[in-house]
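*Asks:* Just need the structure, nothing else, for what follows:
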Amino acid sequence: MDLEQLFSQYKEQSIEGRYITLDSILPLLKKYNTNNQVQIIGKSVLENPIYKCQIGTGKIKILLWSQMHGNESTTTKALFDFINVLNGDSELAKKLLTTFTFCCIPMLNPDGAKLYTRENANKVDLNRDSQNLSQPESEILRETFEKFEPDFCYNLHDQRTIFGVGSTGKPATLSFLAPSYNEARDINESRLKAINLIAGVNHVLQQYIPGQVGRFDDSFNINCIGDTFQSLGVPTVLFEAGHFPNDYVREETRKYVFIALVSSFNILSENDIVNNKFDNYLSISQNKVVFYDFMYKNIKINYDGIEIITNFAAQYKEELIEGEICFNAYIVHINDLDNYFGHFEYDAKGALYHDEYGNFPKLNQKADFYLDNNVKFVNGLITI
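*Replies:* Okay, here's the model as predicted:
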């Protein structure tokens, strides 16, 4: 199966970029609701509807939810790409629909999506509310879980550009986790199913993004939804969509999330998770904070009449301005950058730094500056 071609065929063209809101997906939900597959299952803090799309007649029940964090939209896009496959008439669709029943919550946190924040409208992180269930969105997910009684759970997220695959210098374009079910991080039958599934998906992804798959930290936190569902005996897989080079809007990463989803269901349909692949899972390097968006090396600055050579780094801040996400680069670290990488790196080779603020880099300052070698940087990047 050519998974890249499959993605191109079924990619949902009406949604793209980072800012995906309830308004973005409502037309799609209406389109899919041909036989009562789409239902409102509750309302958010701000009374926005939360939808589920349930499709398929198979025995294996899969619960998937996305945008639990409102500003994590990549997996939402990929989920709709996958739903397009299910609504097609291919042999793959027929196989999936007779093998599985899918219950998809494509936007658990519509308020956070609109505000482009991690938290909900009450400023609560829903992924730390699985025990208190203090928020309506948390209650809705738990009620859906209990009524649907899934065989597998897919917890779909984005992660920041700061994560790399160990110390390899490669970005963690996708990362996975089979969450722990107890403090000891033991392996029981349920968690092993998730581990084996991730190992199988990683094997496929290495053909597309070699060395760019990471493993998330498995420290136990019962307040996290994945740890809770795993502790309740349901194999749960955490997806973290990360950075692909020069893909800040995450359209390329979206493709690999789609490939991971389709691959996982092929693996499950073939019952290819019966062998113990724990060693394969552990061979996936852990996520590590090793990246900045921008690194500038060997910059000469004149500080109170003394010339020194230093380095500094800048990071994009995603800011919602007039309904659009703007990537604005700010200086976040000065001096030692050993053991770090930049998605963009520049060696000034001793060129003198100038800016409009005081002629030396300061934390939280916009990354707008120029060098005496006639190179100018605006919003972090070289400009002519």
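*Asks:* buried set for the longest helix along the chain?
*Replies:* Counting residues, the longest helix found in the chain (DSSP state H) is helix 251-269. Buried residues in helix 251-269, counting neighbours by 16 or more other CB atoms under 10 Å, are found at 253-269. Just so you know, the C-beta spots here come from the backbone N, C-alpha and C atoms, and that holds for glycine as well.
*Asks:* Same question for stretch 309-329.
*Replies:* The neighbour-count check on stretch 309-329 (16+ other CB under 10 Å) flags 310-316, 325, 329 as buried.
*Asks:* and if you look at stretch 114-124?
*Replies:* Residues 114-121, 124 are the ones in stretch 114-124 that count as buried (16+ other CB under 10 Å).
*Asks:* where's that stretch relative to the chain centroid, distance-wise?
*Replies:* Relative to the chain's own centre, stretch 114-124 is displaced by 17 Å; criterion: CA atoms, centre = their mean, to the nearest Å.
*Asks:* Give me the residues contacting that stretch.
*Replies:* For stretch 114-124, the external contacting residues (CB atoms under 8 Å, 6 or more residues apart in numbering) are 19, 21-22, 44-46, 48, 69-72, 109, 111-112, 125-126, 134-135, 137, 318, 320, 325.
*Asks:* Can you select the buried ones among those residues for me in PyMOL?
*Replies:* Per 16+ other CB under 10 Å, the buried members of these correspond to this PyMOL selection:
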select buried, resi 19+21+22+44+45+48+69+70+71+72+109+111+112+125+126+135+137+325
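*Asks:* Just the ones in strands from the contacts of stretch 114-124, please.
*Replies:* Under the assignment DSSP state E, the contacts of stretch 114-124 contribute 318, 320, 325 to strands.
*Asks:* of the residues you listed, closest to Tyr357?
*Replies:* Of all the ones in strands among the contacts of stretch 114-124, Tyr357 sits closest to Glu318, with 22.9 Å by CB to CB.
*Asks:* The nearest residue to Val274 once chain neighbours are set aside: neighbouring residues, count only.
*Replies:* Excluding its sequence neighbours, the residue lying closest to Val274 (CB to CB, 6 or more residues apart in numbering) is Asn196, at 7.6 Å. Neighbour count of Asn196, defined by other CB atoms under 10 Å: 22.
*Asks:* what's the helix or strand for Asn196?
*Replies:* Per DSSP states H and E, Asn196 falls inside helix 189-205.
*Asks:* That helix packs against which elements?
*Replies:* Here helix 189-205 touches strand 152-158, strand 174-177, strand 213-215, helix 225-231, strand 236-241, helix 251-269, helix 278-282, going by 3 or more CB pairs under 8 Å, 6 or more residues apart in numbering; DSSP states H and E.
*Asks:* would TSV of the ones you listed with mean pLDDT and distance to Gly166 be doable?
*Replies:* Putting the helices and strands packed on helix 189-205 into TSV (pLDDT from 0 to 100; distance: least, CB to CB, whole Å) gives the following:
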stretch	mean pLDDT	distance to Gly166
strand 152-158	98	20
strand 174-177	98	11
strand 213-215	98	8
helix 225-231	98	22
strand 236-241	98	15
helix 251-269	97	18
helix 278-282	96	12
